[in-house]
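Colleague: Need a 3D model of the sequence below.
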Amino acid sequence: QVQLVESGGGSVQTGGSLKLSCAASLRTFSGNAMGWFRQAPGKEREFVACITRGGDRTVYADSVQGRFAISRDNAKNTVYLQMNSLKSEDTAVYYCAAKFTVYPSRSYSREVEYDFWGQGTQVIVSS
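Modeller: Below you'll find the model as predicted:
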């Protein structure tokens with residue numbers, strides 16, 4: 001059974017930092033592109049960042065470009081999201097997702113492309 005378990009969420013003040021982790025119980029973690037999405041109260045879930053299978057390419061939403069960094073450790077079956085300079089509008093439930101792919105350098109930014117999802121971790125940014 002595939003499981004994606006997010007951790008690292010919490011409450012932080014504006015301008016602060018958090019690092020989210022997503023541990024995957026995928027048989028072949030390195031065969032999956034990974035992504036982070038978020039859903040704010042009353043809004044639809046939106047793309048945040050994604051990373052290719054080998055970690056050689058990353059893509060970010062404009063709203064987080066330059067502040068967030070996605071990375072992965074294939075030896076630990078874990079993907080990370082380092083979030084810096086947090087703003088109140090970053091408040092959301094953050095989800096990680098996995099997409100099995102045979103293309104090592106392809107990234108995926110659309111929600112419908114992903115095969116597996118975690119349960120989410122709450123991030124609250126307040127002034």
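
Colleague: Can you check what pLDDT the model gives the residue nearest the centre of the chain?
Modeller: Nearest to the centroid of the C-alpha atoms of the chain, with distances taken as CA atoms, centre = their mean, sits Trp36, at 2.3 Å. Residue-level confidence at Trp36 comes out at 98, pLDDT.

Colleague: Correct me if wrong: it contacts Cys96.
Modeller: Yes. The pair Trp36 / Cys96 is scored as a contact, 5.6 Å apart, by CB atoms under 8 Å. Any C-beta I mention is one placed from the backbone N, CA and C, and that applies to glycine too.

Colleague: Please report the distance of the residue lying closest to Arg45 once chain neighbours are set aside from Glu89.
Modeller: Closest residue to Arg45 apart from its sequence neighbours, by CB to CB, 6 or more residues apart in numbering: Gln39 at 4.1 Å. From Gln39 across to Glu89, the span is 13 Å (CB to CB, to the nearest Å).

Colleague: can you check Ala97 too?
Modeller: Summarising the geometry, the distance separating Ala97 from Glu89, computed by CB to CB, is 21 Å.

Colleague: so Thr101 makes contact with Ala33?
Modeller: Yes. A contact is recorded between Thr101 and Ala33 when judged using CB under 8 Å, the distance being 5.2 Å.
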